[in-house]
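> build me a model from this:
(2 chains)
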There are 2 protein chains.
Amino acid sequence: MKILVVSAHPEPRSLNASLARFAVGHLRAAGHEVRESDLYAMKWKATVDADDFPADGGRLHVMDASERATLAAGLTPDVAAEQEKVLWSDAVILQFPVWWFAAPAILKGWIDRVFTAGFGYGPTLPPPYSGQQFAGRRALVSVTLGARETSFSDRGIHGELTDVLYPIQHGLFWFTGIAPLEPFAVYGADALPDDRFEEARRAYAARLDGLFTDEPVPFRTLVGGDYDHDMRLLPGVEEPGTSGLGLHVRPAG
Amino acid sequence: MKILVVSAHPEPRSLNASLARFAVGHLRAAGHEVRESDLYAMKWKATVDADDFPADGGRLHVMDASERATLAAGLTPDVAAEQEKVLWSDAVILQFPVWWFAAPAILKGWIDRVFTAGFGYGPTLPPPYSGQQFAGRRALVSVTLGARETSFSDRGIHGELTDVLYPIQHGLFWFTGIAPLEPFAVYGADALPDDRFEEARRAYAARLDGLFTDEPVPFRTLVGGDYDHDMRLLPGVEEPGTSGLGLHVRPAG
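Next up is the predicted model:
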């Protein structure tokens, strides 16, 4: 299969860079084709601005300019190349350190600039959350965190990791029809002893081996009859006692 | 009072820029001191990299380098200036378009670069979520969204807005002791008719008038006895039927 590994750490000798290299090697050894977007090495431009839409002049309406450039094949070469990689892939892996409970700016800028109107969202595309647009693709978010695992557990003060990463898991991937797996996380990552690094690689290897066979997060679809015409979950569809972002995950069994 | 308005839109004639200008004018007319960080106008550097820590050489460990530079007053002038504004302020307003369910990369880069170890987090500071570090300050997140309000309501498919913005509301502000108000949002913002723009300005004015008097989101504190030593919410503290991120908000009454 074809896998795109997108990584976002400034230091090639970091844990994140090690995990990205490990994933690439492990996946190739298993017979997959792998392409990489090492955003720092690429000096990826993080910020959406008027330079992204060279054919547009005057007042910049980002969505409109983005859609015009996408439909007219007028995007900048760096963005067009990343879109081609996403379309080429059967799975996307994002490898990043969680900074302030989200992706580093350079990776947010990859999302902002690559998933243009007309490519990632907009009226010319299949409905969001329908599983259709980038159908059949999968995603695995692999992160490192300085905090302890308990603080990101179901009752942890930082919020459960799957909820904190909801803007990527559900907002980016599931919205565009890419089925996300549960995130893979290495906690206590600021100073990881060698034995815990080995343990992390073993755990990561198991997740990489399951990239195309593990069950994705069972998010509900907009076309599955669970939502009304205002995109609100219908009353009583959820398990009793469910609230918050968990409403949008189908109950097990 | 002293208010810092941070805004992040590339087009000075955008709705976001209009709302930022409106806030500045309205607050000044009410007698407040206001400073602005218009990130696009400032050409804010979004990406954390080795250039941020000029005194550091060799392998870049971001947290360690960040803490050393902060404690030694060795941060770059752009970052030091923004830290000074945060410390100067009694309230911080963030004005941005929600792109892919989060802040634009340039604003994420303001968070990543300004809230360094030793300033925003780290062992030299009071405990997070204690309300102590930037005690007495408030925050208001003001956003525009293309979607309809129902889709971000309590049962909306995108997730409730307060949950989607949790990494900023709770992860950045509350973590550092800044009390966030409920976000202010303008929906259907891709093409806002004049009458709805007037309505949005009136609604925003009311929120700005309440900046120092409205009740902040009643997030729980780490020092309030609700969490165990592993930073997990104690059993039975919540209202029955509460799950997800809502666990970390104290029940009303």
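> ok and the residue in chain A nearest chain B?
residue A:244 (2.7 Å; CB to the nearest CB). C-beta coordinates here come from the backbone N, C-alpha and C atoms, glycine included.
> what sits against that residue?
With contact set as CB atoms under 8 Å, 6 or more residues apart in numbering or on different chains, residue A:244 has these partners: A:163, B:160, B:163, B:243-246.
> how about the helices in the stretch 101-250 of chain A?
A:105-114, A:161-164, A:166-168, A:194-209 (DSSP state H, counting those that start in this stretch).
> distance to residue B:183 and mean neighbour count added to those, as a markdown table?
Listed next are the helices of the stretch 101-250 of chain A as a markdown table, based on distance: least, CB to CB, whole Å; neighbours: other CB atoms under 10 Å in any protein chain shown:
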| stretch | distance to residue B:183 | mean neighbour count |
| --- | --- | --- |
| helix A:105-114 | 19 | 26 |
| helix A:161-164 | 17 | 24 |
| helix A:166-168 | 14 | 26 |
| helix A:194-209 | 34 | 14 |
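> dump the ones you listed to a markdown table, plus distance to residue B:37.
Formatted as a markdown table, those follow (distance: least, CB to CB, whole Å):
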| stretch | distance to residue B:37 |
| --- | --- |
| helix A:105-114 | 15 |
| helix A:161-164 | 25 |
| helix A:166-168 | 23 |
| helix A:194-209 | 38 |
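> residue closest to the middle of chain A?
residue A:168 (4.9 Å; CA atoms, centre = their mean).
> could you double-check that it lies in contact with residue A:107?
No - with contacts counted by CB atoms under 8 Å, residue A:168 stays clear of residue A:107, the gap being 9.1 Å.
> now the common contact residues for the two.
Joint contacts of residue A:168 and residue A:107 (CB under 8 Å, 6+ apart) are residue A:94.
> before we move on, back to that, widest-spaced pair of the contacts of residue A:244?
The distance between the two most remote of the contacts of residue A:244 (CB to CB) is 12.8 Å, for B:160 and B:243.
> columns mean pLDDT and distance to chain B on top of the helices of the stretch 101-250 of chain A, output as JSON lines?
Shown next, in JSON lines, are the helices of the stretch 101-250 of chain A (pLDDT from 0 to 100; distance: least, CB to the nearest CB, whole Å):
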{"stretch": "helix A:105-114", "mean pLDDT": "98", "distance to chain B": "3"}
{"stretch": "helix A:161-164", "mean pLDDT": "96", "distance to chain B": "5"}
{"stretch": "helix A:166-168", "mean pLDDT": "98", "distance to chain B": "4"}
{"stretch": "helix A:194-209", "mean pLDDT": "96", "distance to chain B": "15"}
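> between these, which one is closest to residue B:125.
For the helices of the stretch 101-250 of chain A, proximity to residue B:125 was assessed by CB to CB; helix A:161-164 is nearest, at 21.1 Å.
> picking up where we left off before, identify whichever of the helices of the stretch 101-250 of chain A lies nearest to residue A:182.
Nearest to residue A:182, of all those, is helix A:161-164, at 6.8 Å by CB to CB.
> how about residues contacting that closest one?
Against helix A:161-164 from outside (CB under 8 Å, 6+ apart): A:98, A:101-102, A:143, A:145, A:152, A:158, A:169, A:182-183, A:185, A:217, A:244-246, B:163, B:166-167, B:171, B:244-245.
> give the contact list for residue A:63.
With CB under 8 Å, 6+ apart, residue A:63 has these contacts: A:117, A:122, B:146, B:190.
> go on, residue A:87?
Residue A:87 neighbours (CB under 8 Å, 6+ apart): residue A:134.
> now, which of the contacts of residue A:63 sits nearest residue A:212?
If you rank the contacts of residue A:63 by distance to residue A:212 using CB to CB, residue A:122 comes first, at 28.7 Å.
> pull the number of nearby residues for the closest one.
Residue A:122 has 17 neighbours, counted by other CB atoms under 10 Å in any protein chain shown.
> per-residue pLDDT, it?
You'll see residue A:122 listed with a pLDDT of 94.
> do the same with residue A:24
In this model, residue A:24 is scored at 98, pLDDT.
> now the residue nearest to the centre of chain A. Nearest residue, chain neighbours left out?
residue A:141 (6.0 Å; CB to CB, 6 or more residues apart in numbering or on different chains).
> distance of the one you found from residue B:140?
30 Å (CB to CB, to the nearest Å).
> likewise for residue A:204?
40 Å.
> next: residue A:150.
From residue A:150 to residue B:140 the distance is 31 Å (CB to CB).
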